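1. model this:
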Amino acid sequence: MSVPAKRLYALCGSLRTRSTNRALLETIRRLAPHGVEVEISGLIGVLPIFNPDLEGDLTPEPVLAIAREIATADGLIVSAPEYAHGIPGGLKNALDWLVSRFEIPGKPVMLVHASHRGDFALEALTEVLKTIGTDLRPETFLRVPLLGKSEDEVGAILRRQETEDAIRAALVRFAGVVPVQPVSR
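-> Predicted coordinates:
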C-alpha cells in the first residue's frame, strides 16, 4: 500500500502573471520533494468581493471552489507582496470569505515571501491567519529577495543552487509537520 502524497495548496497574493511571488511559488512547485504535490490556486482573482449576506446557502460558486481546494489540501503555502503596508486586497478578500467556514481552521500554513522587505504585510498576514485559526508554522518561513529584479534575474536567482537548497529545506520542514488529511480525494 502506497502512502498518499501530501497535497499543498498555494495562495498567491499577487494577481500579476509575472509576479515574483508567483515565480517563487512556481519554483516551490517544481522543487517539491517526492511525496509532496503543490498546486497554485488560480481562484483568488475570480472571487466576488466579500459580502456576509452571501454566506450560507447563497455562497458564490468561486468561494465554494476555493473552500473545497483548501479542505482537500494537507497544508497551505501563502506568498504575498506588500501593498501600501498591507495585505493585497485579493488575498485579504479570499481570507475574509474563509473566516466563518470550517475548511481553514487548524490547517498548517507556511509563509513564503519574495522580497527583502514587506514586514508590515507579513505582520498583518500573520495576524489574520492566526485570527482565522490556521496552524501557522513560523519555523518553515522562507524569504527569497526577488523584488526589483528583472525577469531574467529572478529566474537566475531561483535557479541558484543555494536558493534551490533553501526552498527544498523549507519544504521538507513543512512537509514534516503537515499530516495527510483523511479526506477522500
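2. Identify each buried residue in stretch 152-162, please.
-> Of the residues in stretch 152-162, Val154, Ile157, Leu158 count as buried by neighbour count, 16 or more other Cβ atoms under 10 Å. No exception for glycine: its C-beta is placed from N, CA and C like everyone else's.
3. Hmm, the first one is touching Asn21, no?
-> In other words, Val154. No: between Val154 and Asn21 there is no contact under Cβ atoms under 8 Å: 10.6 Å.
4. ok, back up a step: and the buried residues of stretch 152-162 as TSV, adding pLDDT, distance to Tyr9 and secondary structure?
-> Converted to TSV, these look like this (pLDDT from 0 to 100; distance: Cβ to Cβ, whole Å; DSSP: H, G, I helix; E, B strand; the rest coil):
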residue	pLDDT	distance to Tyr9	secondary structure
Val154	97	23	helix
Ile157	98	25	helix
Leu158	98	21	helix
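5. ok, so of those, who is nearest Glu82?
-> Val154 (17.3 Å; Cβ to Cβ).
6. Let me see the contact set for the closest one.
-> Counting by Cβ atoms under 8 Å, 6 or more residues apart in numbering, Val154 touches Thr20, Ala23, Leu146.
7. Neighbours of the second one, how many?
-> This points to Ala23. Ala23 has 22 neighbouring residues, counting by other Cβ atoms under 10 Å.
8. Also the last one?
-> Neighbours of Leu146 under the rule other Cβ under 10 Å: 22.
9. can you tell me the helix or strand for it?
-> Assigned by DSSP states H and E, Leu146 belongs to neither a helix nor a strand.
10. Verify the contact between it and Arg117 for me.
-> No: Leu146 is beyond contact range of Arg117, at 11.4 Å (criterion: Cβ under 8 Å).
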